[in-house]
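Visitor: My questions are about this predicted structure, shown below with the sequence.
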There are 2 protein chains.
Amino acid sequence: MELNRAFGVVLREERKKVAISQEELAYLSNLDRTYISLLERGKRNSTLKVLFGLCNALNISPNYFIKEMEKQINSDQY
Amino acid sequence: MELNRAFGVVLREERKKVAISQEELAYLSNLDRTYISLLERGKRNSTLKVLFGLCNALNISPNYFIKEMEKQINSDQY
């Protein structure tokens, strides 16, 4: 799977795990709701600052997030 | 330690481990030598694409790189 798409898949999964909306995640991470939506759809190439901010809001470690992305990238699924 | 600075510290350390120059890393990762220099000095906010490209060139996993960054961020050193 392509990198930005993998990012989006993991972001959506982790957001759903803590059962918050895109609006709530946007508020917690100080980003726009539309930007969260673009990230989840794999339409943006996130910076590390955005990654760390989102992980902080989701209460997970950035290295865990990246590990989940690596799994997606190495999977056969589209 | 600040995030971009932590990125730079880890990048320099990992580049030194494989004993290649900034020029060589730039060539391997398809980036400018000046950009590698800016990243190592903590002057740029890397994207995930750049991170994955650098890790590929350095033959390390992105989640390992991020774990090393987290150690730097949580350390007391400046």
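Guide: Arrived safely, thanks for sending. Numbers count the residues shown, from 1 in each chain, chains lettered A, B, ... in the order given.
Visitor: Look up the closest residue to the residue nearest the centre of chain A, ignoring the ones flanking it.
Guide: Per C-alpha atoms, centre = their mean, the C-alpha nearest to the average position across chain A is that of A:Leu11, at 2.5 Å. Residue nearest to A:Leu11 in three dimensions, not counting chain neighbours: A:Glu40, with 5.3 Å by C-beta to C-beta, 6 or more residues apart in numbering or on different chains. Yep, even glycine has a C-beta here, placed from its N, CA and C like the rest.
Visitor: wait, isn't the one you found in contact with A:Val10?
Guide: No. Between A:Glu40 and A:Val10 there is no contact under C-beta atoms under 8 Å: 9.5 Å.
Visitor: quick revisit: can you give me the neighbour number for the residue nearest to A:Leu11?
Guide: 20 (other C-beta atoms under 10 Å in any protein chain shown).
Visitor: Quick check: pLDDT value at A:Gly8.
Guide: With respect to pLDDT, A:Gly8 scores 98.
Visitor: Report how many residues lie close to it.
Guide: Neighbours of A:Gly8 using other C-beta under 10 Å come to 24.
Visitor: my read: it touches A:Gly42, true?
Guide: Yes. With contact defined as C-beta under 8 Å, A:Gly8 reaches A:Gly42; the gap is 4.0 Å.
Visitor: Give me every residue in chain A lying close to chain B.
Guide: Within chain A, the positions near chain B by C-beta under 8 Å from any C-beta of the partner chain are A:3-4, A:7, A:45-49, A:51-52, A:61-64, A:66-67, A:69-70.
Visitor: quick revisit: I figured the residue nearest to the centre of chain A was touching A:Leu54, is that so?
Guide: Yes. With contact defined as C-beta under 8 Å, A:Leu11 counts as touching A:Leu54 (6.6 Å).
Visitor: Provide the contact partners of the helix or strand hosting A:Ala6 at residue level.
Guide: Using DSSP states H and E, A:Ala6 maps to helix A:3-17. Outside helix A:3-17, the residues that touch it by C-beta atoms under 8 Å, 6 or more residues apart in numbering or on different chains are A:1, A:22, A:25, A:36, A:39-46, A:54, A:58, A:60, A:65, A:68-70, A:72-73, B:48-49, B:52.
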